Every structure is written in C-alpha cells, then in structure tokens.
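make a model of this:
(2 chains)
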Amino acid sequence: MIEFLMPSLGADMEAGTLVEWRKKPGDTVKRGDIIAEVETQKGLIEIEVFDEGVIGELLIKEGAKIPVGTVMALINPSGATLERKEITPEQTAIVIQPTEEKIIEKVREEKLEARTIKASPLAKRMAAENKIDLSQIQGTGEEDAITKGDVENANAQKGKKITNSEEKNIPQVQAIRSAVAAAMSKSNREIPHYYLEKRIDMTKALAWLGETNHKLPIQKRLLPAALLIKSVAQSLVDFPNLNATWDNGLQLKKEINIGFVVSLRGGGIIIPTIHNANLKNTSEIMEALNDIIPRARAMKLRSSDLSDSTITITSLGEGGADVVFGVIYPPQVAIIGFGGSSQQAVVENGMLGIRHVFTVTLAGDHRATDGLTGSDFLVTLNKHLQNPESL
Amino acid sequence: MSEEEITQTIFQLLKKIAPDTEPSTLKPDENIRETLDIDSFDTLQFLVSVNEKMGIEIPEADYGKTSTLKILVDYLLGKMK
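As a prediction, this is how the structure comes out:
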C-alpha cells in the first residue's frame, strides 16, 4: 500500500479542509488524476495523485481539517508505480514532515470526531469558507443531506452574512492576505537577503518579440513575460545554486520550476508554477501562462500548480515602478524582479542613443550563495536577453 | 455594428476581464488599462476576445490605438469599413 499524503502547497500553508473526495475505494487512479478537493487559503484546490493503482481506503472524512503531510488515503500500487518508486527513491524523501508525531495525533482526533455527514458539494464549500461545523447542522435535503439553505440558516443564527466564493468574497481575500503574511514573515525572519540590480537593454528583445508576434495570430502572441521566464530558466542551467531550497543546508533541485507571481484583482498574490521552464520554448511558456494566469485569478488551481517551484519571478510590467526588490519565498533561495521598461538615454560606444531599458534585480539568500554568484547570474541573463532568437 | 453596439460589446468584454469594475462608467478619454487597473496579460486577453467577438484582426503595432474608449471605438469602426 502507498500512503497518499496531503501535499504541501507552499511554505505558507499548514492545513486544508477536505471538501469532497472525487474517488472512492476500488477506483483505479493514474498520475495526474484528481483525488480530492481541498479548501485552502489559496482557494478550492484540486489535489492530484502521483501514483498509479487502485484506491484502497479513504482515511479522512469530508469536512475534516487535514494538516500537510497527513495520510489521506491508501493506494494499492500497480506494477508501473512500484518500478518507478524503486528507481527514484528520493521522490519519497522529498515530502517534508517536520512534526510527524503531532500530525498523527491530530489525525486520530479528527477521525474520532468525524462521522458520516451528507451534504451537497456547495454546502460543504460554503461551510468550509464560513467555518461552520457541518456536524451541528440538521439537513433538510434528500436523505437528510445538508443543503446550501441549511448552511445559510446555520450561519444566520451566528449573526453573520453568508459568503460564497462564487460571489465577491471578502474572507477569501483575507485568507490570501494571511497566507502571504505568514510566508513573508518567515522569509524576513529566517533568510538573510542580499540584493543586486542590473540595468538591461531590452531593445533587441522587444524588437524580436515584435517581429515574432507580427507573424502570429493574436491568440498565439507572446508577452515579454514569456521571454523573461524563458531567459531566467535558461540562465539557471549554469547556476544550480540559485535553483535550490534551503533546508538545513543547500538542496539543489534537478528541475527548473519557475514560480510566477500573479497579483489578484481583490488584493494579494498567488504564485503558480511553470514546470521545467528550461525545457519549454518561449511559445510553450506563453501557453502555460495562458492556462495558469486565468485559473490563478479565478482561484481554480490544482495541487501541482502550487507545488515544487524552485525559484520565483516577479514582474511589474509596463507603467509601474522602475525597480522591484523581491522577498524570497521560503524555502527557495532567490527571487528575480523585473521592473517596468521605459525608453531611456543610453551611452554605448561613446554614442548617445534612445533604448528600451529595464532594471532586473536579484534577491539572494546569503546562506546559500554570495553576491558574486548573483552578479554572474545577472550577467548571463543579460547575454540571453541580447540573443532572444537563440532561446 | 453601430458605434453604440461596439461600445456596449467593449463594456461586456471588459467586464469579463475585470468583473469587479464598472466599465460603463469609463469616460471616452480615460486610459482603459489604468482606469480599470488591467495588466498586460489581461489586456491581451481583452484584445483576443475583441478579435473573437467582432472578427477584427488587431496587429500588435496597433495596440497603441486601443488606449482609450474613444480611440478604440474609432479604430474598430475604421477596421469595419
């Protein structure tokens, strides 16, 4: 049996609430299938399976709070999964369970408390969002299932206005705010940052983008962000110490997974991951952005969208501030910041010219690397951006 | 499509991109992106939706002609002729 654990969806997340199982015992699952929906500070997240096999037992009741690392289900592995497990033993070691004993205790408590509660998925979600205990509600639906109306009534008794994430949702904004607060406080407490900045001439890169986009239908056009992500990923190939995490020492990562900061319209940020960005071309990165940014803004992400990023990029775009110095997203060891681009007077070979310029910054974890590494990285990044056609 | 119909379509498409705003309160000379606080990604999504809804091709070189409501409506009217 494989233990299926509640995945970590970032350093800022400790637990989620199981809203609904999407699989039942006996169901066959493969890598990437959605096994459950979990309500978190980052919205309702679809949890994916990373093993192949048959669901043995579901250990958590719907409505229960599940700390990261909790065993949620047991899966009978198929042959393919067993082989893969043997080949990559470090895969299982990646799961971080700093407080294993406590977690097991908590799970037992939850299991004792939980009883079978019948409720519609919408009722469950609203209950989770409004912190209402479903076990205290008498259902009026079919087979005494709890309905949306029952949750609204229960909440009215508490004297609060009901919220639903499909409407404009203040608690969700607050939840995101506290998730950001937790991660950034941890970063500022634990990570000794150093900061570097470099002015980069983007004239050639923007001209290349213009030529490329001229040939493309509007649906396929590239934004500068896609080129920036690609150039950072390509540069990181030569700087493995920046593509890493700090966990009692520097842990280098094989994959280059870029977290890209997306600001939410209601306030707050969310950082979806673009996996293996160095292996994707600029168009494929743009496709990934087209997929992930609208889902991030709608708070409709899957667990893999929020996991395993190895470095973060924040980009202000045009018309904003000139320079941004990022705060590292723990346990990562660097964050790259792109300021807004503007036309500036630049001296080159003794001649004055008007060029499109922006300022790139790097905030590095000084436990992991020194300023020289960061400086060399920015020089390499500049070289790539001067040769956009070869990316 | 009349000028009024184009304007209403633009409002609808902007509302989809920025549901928390009220595009119909845009003044003709206000910068759409700045007023509704829309970033470059959502601007591109908006122009894609204009393309799909009205069948008008907007080359990247013309993005500057989409800045305000008045400029954008005039531009789209011109492309329809």
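
what is the burial count for the closest residue to A:L236 other than its chain neighbours?
Leaving aside its chain neighbours, A:L236 sits nearest to A:N243 (4.5 Å; criterion: C-beta to C-beta, 6 or more residues apart in numbering or on different chains). All C-beta spots, glycine's among them, are computed from the backbone N, C-alpha and C. Neighbourhood size, A:N243 [other C-beta atoms under 10 Å in any protein chain shown]: 24.

give the contact list for the residue most central in space within chain B.
Closest residue to the average C-alpha location of chain B: B:I10 at 5.0 Å, with C-alpha atoms, centre = their mean. Contacts for B:I10 (C-beta atoms under 8 Å, 6 or more residues apart in numbering or on different chains) come out as B:23, B:50, B:69, B:72-73.

tell me the domain ranges of chain A?
For chain A, automatic domain parsing gives the domain ranges A:2-113, A:191-390.

what about the last one, distance to the chain center?
Per C-alpha atoms, centre = their mean, to the nearest Å, the displacement of domain A:191-390 from the mean C-alpha position of its chain is 15 Å.

using PDB, write out every CA atom in the one helix or strand A:N290 maps to.
When elements are assigned from DSSP states H and E, A:N290 belongs to helix A:282-297. Extracted in PDB, the C-alpha atoms of helix A:282-297 (Å, rounded to 0.1, in the frame of the first residue of the first chain):
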ATOM      1  CA  THR A 282       9.000  30.700 -25.400                       C
ATOM      2  CA  SER A 283       5.700  29.800 -27.100                       C
ATOM      3  CA  GLU A 284       5.200  26.900 -24.800                       C
ATOM      4  CA  ILE A 285       5.800  29.100 -21.800                       C
ATOM      5  CA  MET A 286       3.300  31.600 -23.200                       C
ATOM      6  CA  GLU A 287       0.800  28.700 -23.500                       C
ATOM      7  CA  ALA A 288       1.500  27.800 -19.900                       C
ATOM      8  CA  LEU A 289       0.800  31.400 -18.800                       C
ATOM      9  CA  ASN A 290      -2.400  31.500 -20.900                       C
ATOM     10  CA  ASP A 291      -3.600  28.400 -19.000                       C
ATOM     11  CA  ILE A 292      -2.400  29.200 -15.500                       C
ATOM     12  CA  ILE A 293      -3.000  33.000 -15.000                       C
ATOM     13  CA  PRO A 294      -6.800  33.000 -15.600                       C
ATOM     14  CA  ARG A 295      -7.100  29.900 -13.300                       C
ATOM     15  CA  ALA A 296      -4.900  31.600 -10.700                       C
ATOM     16  CA  ARG A 297      -7.100  34.700 -10.800                       C
END
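
any idea what the closest residue to A:V261 other than its chain neighbours is bridged to?
Leaving aside its sequence neighbours, A:V261 sits nearest to A:T314 (C-beta to C-beta, 6+ apart; 4.2 Å). For A:T314, the beta-bridge partners are A:G337 (DSSP bridges).

wait, isn't A:T314 in contact with A:I335?
Yes. Using C-beta atoms under 8 Å, A:T314 makes contact with A:I335 at a distance of 6.5 Å.

not counting its neighbours along the chain, what's nearest residue 38?
Unless you meant another one, I'm taking chain A. Distances taken as C-beta to C-beta, 6+ apart place A:G16 nearest to A:V38, at 3.9 Å, with adjacent residues excluded.

actually, chain B is the one I wanted.
Leaving out its chain neighbours, the residue that sits closest to B:I38 by C-beta to C-beta, 6+ apart is B:A18, at 5.8 Å.

can you map out the helices along the chain?
Using chain A here. Secondary structure of chain A (DSSP state H): helices at A:79-87, A:90-93, A:100-113, A:121-129, A:148-157, A:170-190, A:203-214, A:224-236, A:282-297, A:371-386.

hmm, no, I was thinking of chain B.
Taking DSSP H as the test, the helices found in chain B are B:3-17, B:32-36, B:40-54, B:69-80.

what comes up buried for the first one?
It refers to helix B:3-17. Across helix B:3-17, burial judged by 16 or more other C-beta atoms under 10 Å in any protein chain shown covers B:6-7, B:9-11, B:13-14, B:17.

cool, and the second one?
When neighbours are counted by 16+ other C-beta under 10 Å, the buried residues of helix B:32-36 are found to be B:32-33, B:36.

touching chain A at all, that helix?
Yes. Counting by C-beta under 8 Å from any C-beta of the partner chain, contacts between helix B:32-36 and chain A involve B:33-34.

before we move on, back to that, dump the domains of chain A into a markdown table; add mean pLDDT as well.
Shown next, in a markdown table, are the domains of chain A (pLDDT from 0 to 100):
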| stretch | mean pLDDT |
| --- | --- |
| domain A:2-113 | 76 |
| domain A:191-390 | 95 |
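
up against chain A, what does chain B have?
Near chain A, when you scan chain B using C-beta under 8 Å from any C-beta, you find B:18-20, B:33-34, B:37, B:39-41, B:44-45, B:47-48, B:51, B:57-61.
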